[in-house]
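My questions concern the predicted model and sequence given below.
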Amino acid sequence: MEVGKTVPVGKISPVADKFIKITKEALEKGIKEARPGNHFGDIGNAIQRHVENNGFAVVRDLCGHGIGRELHEEPQVLNYAEHGTGLVIQEGMVFCIEPITAAGDWKIKKAGLGYKTADNSLSCHFEHTLAITKNGCQVLTII
């Protein structure tokens, strides 16, 4: 089970179903890039390419994050980036990858205690927490 997860309620459109599927797949693609020696940009690039190649957008104002003594710490784990950029991923790091996507434009605005897409299009979110080991990563939030 993911830490954060989008769940459809009732009957949804084929586009909404595809949108949810693509965002979950983007999380999986980001996880595959989370290994020692890769860069945080490799994670963001894998997520961005998958989402955008399927006609959706990556929200740029929200991202994953490091986890340590506080829930939200550095480094930021962006969902968009160029391959080979950003900090090098190292053994012992613990962080969340959380693709946040929009079916329309990527821009968001404050809404109550949270956010919504500026163009009122659908949004989607999935999240896992990972620990980086010498052999790759271990997903800590799978139960």
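Okay, I see it. Residues are numbered from 1 along each chain as shown.

in the chain, which spans are helices?
14-32, 40-53 (DSSP state H).

how big is the angle separating the last one from helix 14-32?
Going back to what we said before, that points to helix 40-53. 160 degrees (axes from the mean of the first three to the mean of the last three CA atoms, to 10 degrees).

Tell me which other helices or strands helix 40-53 touches.
Secondary-structure packing of helix 40-53 (3 or more CB pairs under 8 Å, 6 or more residues apart in numbering; DSSP states H and E): helix 14-32, strand 57-58, strand 73-77. The way it works is simple: take the backbone N, C-alpha and C, and place the C-beta from them, glycine included.

mind redoing it with 6 Å?
helix 14-32 (3 or more CB pairs under 6 Å, 6 or more residues apart in numbering; DSSP states H and E).

roughly how far apart are E74 and E127?
The gap separating E74 from E127 is 17 Å, by CB to CB, to the nearest Å.

what about this protein, any weak spots by pLDDT?
1-2, 143 (pLDDT under 70).

Can you tell me which of the helices of the chain is most buried?
helix 40-53 (a mean of 22; mean count of other CB atoms under 10 Å).

Keeping just the C-alphas, turn that helix into CSV.
Written as CSV, here are the backbone C-alpha positions of helix 40-53 (Å, rounded to 0.1, in the frame of the first residue of the first chain):
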residue,chain,number,x,y,z
PHE,A,40,17.6,12.7,-8.1
GLY,A,41,17.1,14.1,-11.6
ASP,A,42,16.9,10.6,-13.0
ILE,A,43,13.9,9.9,-10.8
GLY,A,44,12.1,13.1,-11.9
ASN,A,45,13.0,12.6,-15.5
ALA,A,46,11.5,9.0,-15.5
ILE,A,47,8.3,10.3,-13.9
GLN,A,48,8.0,13.3,-16.2
ARG,A,49,8.6,11.4,-19.4
HIS,A,50,6.0,8.8,-18.6
VAL,A,51,3.4,11.2,-17.5
GLU,A,52,3.9,13.7,-20.4
ASN,A,53,4.3,11.0,-23.1
